[in-house]
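Visitor: Provide a 3D model corresponding to the input given below.
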Amino acid sequence: MTDVHRSRKDQHLDLCLGADVGFRQRTTLLEEVEVVHDALPDFALESVDPSVTLLGRQLRLPVVISAITGGTERAEAINRRLAAAAQAEGTAFGFGSQRLLLEEGIRTGFEVRDVAPETLILGNIGLAQARRASPEALFEMLEISGADALCLHLNVAQEVVQAEGARDFRAGLQTIQRLVEELGKPLVVKETGCGLSRSVGMRLREAGVTCVDVGGAGGTSWVGVEALRTAGRPARVGETFWDWGIPTAASIAQVHDLGFEIVATGGLANGLDALRALALGAKAVGFARHLLPYAVDPDPDAVRIRIEEIGDEIRMGLLLAGARTPEDLRTQPVVIGPRLLPWVPPGAPLCERRCGAPRG
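Guide: Next up, the predicted model:
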């Protein structure tokens, strides 16, 4: 299966770089979040501190370079550039699916620790693959790639549309609980573009999960990606479900009060999107396809410069909101628009903040 898996990796890169694989009508709903402007912040821009602690590690920016690729020579160049940028800017870095490493021992694209010695590095495997693997095998996969934690990705919709994808999703929660108890490294449960509902969040909390990546709808449609790279009935089904999923902002709102460290990925394009996600309750934000063109730019510093710009945007946003830190921002008033409001659970902390009342 090596050639099939590698070919799929490169096809995914080609489509994400050159095709329209975004959601067609559904948005992230981050545009429904207004962070209230503070015209008297009473502190200097230089005193703004955007750093956060994620999975016990300090990040200078609340940013994760989220799962993109791995397993091919092309992916190796991309991942090494992304990881080096993460090291330079103080963000976290995540591999794309490490199935090739887990099942076939292929390390290409999965060894970046030498260019990112102090970076929080996140491994990545699908739940369908993790169900068949022992915790020991997954731990070894993480050790080989120098990863500090494992992102266990949920991608039911993508798998069903993918011609060679999984069709059996039994024992998923049991697998998650087993890994929480036996993996030996932190576990992040991550959606891949369809979002996490409150019901799923509550089940994950019961299983002992402490960190989730909502991976909401509104950015890259992986159902759409698979619809473009396949043919026949799966492609037609993919066309029908291209826009399926819970928008990113809605997913944050659904799980914001369940006690998780939340990473918000799914369609974020700049520091203002990041600010809105952080205001809703995210601990950090993730960028994936947005950074891919910079990672293949002829200028080797392009991706680092873009991340630096996002950091500047986050700092400016915190200042304009009157918040010195992302933690302060999560206590500030927000205005929630009518399309997002129905996703906020009744009685949740967001309900107490959404009026935009002045601080005393």
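Visitor: where in this protein is pLDDT low?
Guide: Low-confidence segments of the chain (pLDDT under 70): 1-5, 354-360.
Visitor: mind doing that once more with 90?
Guide: For the chain, applying pLDDT under 90 flags the ranges 1-10, 14-15, 18-19, 67-68, 162-166, 229-235, 347-360.
Visitor: residues in contact with the one residue sitting closest to the centre of it?
Guide: Central residue of the chain (C-alpha atoms, centre = their mean): Thr265, 3.6 Å from the mean position. Taking C-beta atoms under 8 Å, 6 or more residues apart in numbering as the contact definition, Thr265 lies against 64, 66, 190, 213-216, 219, 248, 285-288. Every residue, glycine included, has its C-beta placed from N, CA and C.
Visitor: identify the residue nearest it in space, chain neighbours excluded?
Guide: With C-beta to C-beta, 6 or more residues apart in numbering as the criterion, Thr265 has its nearest non-adjacent residue at 3.3 Å, and that residue is Gly286.
Visitor: ok, so what distance separates the residue nearest to the centre of the chain from Glu31?
Guide: The spacing between Thr265 and Glu31, counted by C-beta to C-beta, to the nearest Å, is 17 Å.
Visitor: likewise Asn79?
Guide: From Asn79 over to Glu31 the distance is 31 Å, taken as C-beta to C-beta.
Visitor: of the two, who's got more company?
Guide: Ranked by neighbour count (other C-beta atoms under 10 Å), Asn79 and Glu31 place Asn79 first, with 28 against 16.
Visitor: all the strands of the stretch 201-350 of the chain, in order from the start?
Guide: 211-213, 261-264, 284-287, 334-336 (DSSP state E, counting those that start in this stretch).
Visitor: tell me which element Gly193 is part of?
Guide: Using DSSP states H and E, no element contains Gly193; it sits outside every helix and strand.
Visitor: next, count neighbours for it.
Guide: Neighbour tally, Gly193, other C-beta under 10 Å: 28.
Visitor: my guess is it contacts Ala217, does it?
Guide: Yes: Gly193 is within contact range of Ala217, at 6.0 Å (criterion: C-beta atoms under 8 Å).
Visitor: quick check: neighbours shared by these two?
Guide: 245, 266.
Visitor: looking at this protein, which helix is longest?
Guide: Identified as the longest helix of the chain according to DSSP state H is helix 302-320.
Visitor: quick check: buried residues in the helix or strand hosting Leu173?
Guide: According to DSSP H and E, Leu173 maps onto helix 172-182. Neighbour-count burial for helix 172-182, counted by 16 or more other C-beta atoms under 10 Å, picks out 172, 175-180.
Visitor: what is it packed up against?
Guide: Packing partners of helix 172-182 (3 or more C-beta pairs under 8 Å, 6 or more residues apart in numbering; DSSP states H and E): helix 127-130, helix 135-145, strand 149-154, strand 187-191.
Visitor: one more time with 10 Å
Guide: helix 127-130, helix 135-145, strand 149-154, strand 187-191, helix 198-206 (3 or more C-beta pairs under 10 Å, 6 or more residues apart in numbering; DSSP states H and E).
Visitor: next SSE downstream of the third one?
Guide: Just to be clear, that refers to strand 149-154. Moving toward the C-terminus from strand 149-154, the next helix or strand (DSSP H and E) is helix 156-161.
Visitor: how about residues contacting that following helix?
Guide: The contact list for helix 156-161 (C-beta atoms under 10 Å, 6 or more residues apart in numbering) reads 126-128, 155, 165-169, 172, 191-194, 217, 221-227, 229-230, 233-242, 244-245.
Visitor: buried members of the residues you listed into ChimeraX, please.
Guide: The ChimeraX command for the buried members of the contacts of helix 156-161 (criterion: 16+ other C-beta under 10 Å) is given here:
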select :126,127,128,155,165,166,172,191,192,193,194,217,221,222,223,224,225,226,227,229,230,234,237,238,241,242,244,245
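Visitor: surely His290 is in contact with Leu82?
Guide: No: the pair His290 / Leu82 is not scored as a contact, 11.9 Å apart, by C-beta atoms under 10 Å.
Visitor: how far out from the middle of the chain is stretch 199-218?
Guide: Distance, stretch centre to chain centre, for stretch 199-218: 12 Å (C-alpha atoms, centre = their mean, to the nearest Å).
Visitor: same question, stretch 160-174
Guide: Using C-alpha atoms, centre = their mean, the mean C-alpha position of stretch 160-174 is found 20 Å from that of the whole chain.
Visitor: same check, this time on stretch 217-236
Guide: Counting by C-alpha atoms, centre = their mean, stretch 217-236 is centred 19 Å from the centre of its parent chain.
Visitor: just give the number of residues close to Ala85.
Guide: Using other C-beta under 10 Å, Ala85 has 27 neighbouring residues.
Visitor: cool, Gly311 as well?
Guide: 20.
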